[in-house]
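1. Would you be able to build a 3D model of this:
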Amino acid sequence: MKLDVEFTRSQFPAFAESSLQGQAFFENAGGSYTAGPVIDRLSRYYHQRKVQPYAPYEASRLAGEEMDEARRRLALMLGVATDEVSFGPSTTQNTYVLAQAFRQHLRAGDAVIVTNQDHEANTGPWRRLAEAGIELREWQIDPVTGHLPLERLAALLPGAKLVCFPHCSNVVGEINPVAEITRMAHDAGAFVCVDGVSFAPHGFADIGALGPDIYLFSAYKTYGPHQGIMVIRRDLGMTLPNQGHYFNADCLYKRFTPAGPDHAQVAASAGMADYVDVLAAHHGGAALDPKARAGLVHDLMRAHETALLQPLLDYLGSRNELRLIGPRKAARRAPTVAVQAEQGGEALARALAVHGIMAEGGAFYADRALSAQGIDPNHGVLRMSFVHYTSRAEIDQLIGALDRVL
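-> Numbering: from 1, shown residues only. This next block holds a predicted model:
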């Protein structure tokens, strides 16, 4: 079964927007277009439910129900318990709050493993634990390929309490083996925190099956509102010190959200589940349970993206003036593709914009990953990122524009 791309694009109002016609969107790693069901729910909430939720009067009761619905339906899709899903203002903020909890939980001399493949929002808060006397061990990438070798992790694990790494990097793009890494860490007695921000737009993960203790991603990159979504498994979440109000200490999804949630955006997040259900139903999966529907959509997305990505990788790899970052086989990576050229990344992005290509250049908060591969973050890379609603015609438009610019 193949993804029906035209039907898929019909679910995104951006593709009908006159101001965007003729432009191909290749900066999805910075934030995706928003699905229609999300916009509908957000609009309804602001029109009909913009009151303090969970009070007994009708508008308030419905507001609370919609917020609960979002948490419940996302949990079913992700294969975790409902109260293991938390919302926060961003993944960066969620990670920072988690790091403060671990700062209180760990003792001086305990070890935390981080990587230099990460976006700074995931690695930075953990690295600051060194200020509290916690040992930081860096799992380093291969400087040529950007790959995270498992044998290097094995040497770092003895005595470690926490392992933090990305599901995939926002510049390298290689999909890391989360389940295998998690097993290695758990066997060594360490907890696992996975930054899923760059992977989740390409299909919601079955977090229950993968097994990490913490998994973070951003709703605005998965066709939703600007919220950070965090899964933290109950055993760990109830062990770490409470970061919320003291009277919320018994509620897992409130323990790591010290600020009040954005009610409307939490409620609108149920629209992401609506969108998955619409796609699943259109492709024959209406009778499946929520997790199976999410799995079907995940597979449709990945198959479509992989088919579009390989021709782009082949083209980029054929250009002698470009250095392609990360794997050259589409099956091993997400469609987030960075290249180094003599021209700076930002200059290339500006040149492509003239030809209707919406891309971006820079370091993308991945300064450590670029520096480790011998790339000056100030010079930067050109990043071209797409998702399942991208068409083959847009890939051809990108390649044609690159031909003219290069």
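2. contacts, neighbours, all on C-alpha from now
-> OK.
3. pretty sure residue 74 is in a helix, no?
-> Yes - the assignment for residue 74 (DSSP: H, G, I helix; E, B strand; the rest coil) places it in a helix.
4. how many neighbours does it have?
-> Around residue 74 there are 24 other residues, counting by other C-alpha atoms under 10 Å.
5. Residue 263 too?
-> The burial count for residue 263: 21, using other C-alpha under 10 Å.
6. ok, now which ones touch it?
-> Counting by C-alpha atoms under 8 Å, 6 or more residues apart in numbering, residue 263 makes contact with 53, 63, 67.
7. Nearest residue to the last one in space, please, no chain neighbours.
-> Spelled out, that is residue 67. residue 267 (4.2 Å; C-alpha to C-alpha, 6 or more residues apart in numbering).
8. my guess is that neighbour contacts residue 40, does it?
-> No - with contacts counted by C-alpha atoms under 8 Å, residue 267 stays clear of residue 40, the gap being 10.9 Å.
9. The two: which is more packed in?
-> Neighbour comparison, residue 267 and residue 40: the larger count goes to residue 267, with 25 against 12 (by other C-alpha under 10 Å).
10. next helix or strand past the helix or strand containing the more buried one?
-> When secondary structure is defined using DSSP states H and E, the element that contains residue 267 is helix 263-268. Using DSSP H and E, the helix or strand that follows helix 263-268 in sequence is helix 270-282.
11. Now that following helix: average pLDDT?
-> Predicted confidence along helix 270-282 averages 98 (mean pLDDT).
12. ok, now stretch 377-393?
-> For stretch 377-393, mean pLDDT is 98.
13. Which strands or helices does the helix or strand containing residue 399 pack on?
-> Per DSSP H and E: residue 399 is located in helix 392-405. Secondary-structure packing of helix 392-405 (3 or more C-alpha pairs under 8 Å, 6 or more residues apart in numbering; DSSP states H and E): strand 24-25, helix 290-318, helix 345-353, strand 357-358.
14. related to what we said a few turns ago, now the contacts of residue 263 in TSV, with secondary structure?
-> What follows is the contacts of residue 263, written out as TSV (three-state DSSP):
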residue	secondary structure
53	coil
63	helix
67	helix
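15. And these, which of them are buried?
-> Buried by 16 or more other C-alpha atoms under 10 Å: 53, 63, 67, out of these.
16. Tell me who's in contact with residue 164.
-> Residues touching residue 164, when contacts are defined by C-alpha under 8 Å, 6+ apart, comprise 112, 113, 114, 115, 122, 123, 192, 193, 194, 195.
17. and if you look at residue 32?
-> If a contact means C-alpha under 8 Å, 6+ apart, then residue 32 has 201, 220, 221, 222, 223 as its contacts.
18. Now compare those and name the two farthest from each other.
-> In the contacts of residue 32, two members sit farther apart than any others by C-alpha to C-alpha. They are 201 and 220, at 9.2 Å.
19. Columns mean pLDDT, distance to residue 172 and mean neighbour count on top of the helices and strands packed on helix 392-405, output as TSV?
-> Written out in TSV, the entries for these read as follows (pLDDT from 0 to 100; distance: least, C-alpha to C-alpha, whole Å; neighbours: other C-alpha atoms under 10 Å):
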stretch	mean pLDDT	distance to residue 172	mean neighbour count
strand 24-25	98	20	22
helix 290-318	98	13	20
helix 345-353	98	15	19
strand 357-358	98	20	22
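20. No more questions from me, cheers.
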